[in-house]
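Student: sequence and predicted model, in that order:
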Amino acid sequence: MEHARHVFRALLLVIVVVVVVSLGRGFLKPKSYGKFGSYRADNVTEQMNVRPPQHGGAASCAECHPAQSQKRAGGVHKDVSCEVCHGPLALHVTAGKKTAAMPVDKSFQLCARCHRKILGRPEKFPQVVLDQHVQAQGGGAVQGSVCLDCHSDPHSPKI
């Protein structure tokens, strides 16, 4: 009988802990927690207000660069956003005013992201084996801005 008191005390302690944790969780858990998943839904709006958008899209570039936009719109890169090659709009424009020169990636690695031969890509998509392509066009190494030696205008890259 003496051991039964210890079991009763342990059981009572477990019940008290469960009740305190349940009540505490009910009072401390934010109301929006779990609304869209296992996070506080109000945080999405808060983060949007703290971190302004970095990307503007091709339409925002066309406002100041209509000639490049027209070339791109009629060319093979019409579906590629300007920010893929140039980086986020926020690096160049802040509050509607130019704040810095736009970075431009002229490396062969940028072109290779889309045009390197990969078996999973559609056969109609222009793909090249970089070493073979450069050698066939006159030699040299696949380095630096080798793609722009022949395809000098990436907005309309036909030779």
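Tutor: Thanks, I have the structure now.

Student: domains in this structure, by residue range?
Tutor: Domain assignment of the chain by automatic domain parsing yields the ranges 2-50, 53-104, 105-159.

Student: dump the ones you listed to CSV, plus mean neighbour count.
Tutor: Using the backbone N, CA and C atoms, a C-beta is placed for each residue, glycine as well. CSV is the format used below for these (neighbours: other CB atoms under 10 Å):
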stretch, mean neighbour count
domain 2-50, 10
domain 53-104, 14
domain 105-159, 13
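
Student: output those as CSV; include the columns mean pLDDT.
Tutor: Rendered in CSV, the data for the domains of the chain read as follows (pLDDT from 0 to 100):
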stretch, mean pLDDT
domain 2-50, 88
domain 53-104, 82
domain 105-159, 79
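
Student: which helix or strand contains His6?
Tutor: If you go by DSSP states H and E, His6 is part of helix 2-28.

Student: right, and the helix or strand after the strand or helix carrying Gln132?
Tutor: Here Gln132, judged by DSSP H and E, is contained in helix 130-136. Per DSSP H and E, the first helix or strand lying C-terminal to helix 130-136 is helix 146-150.
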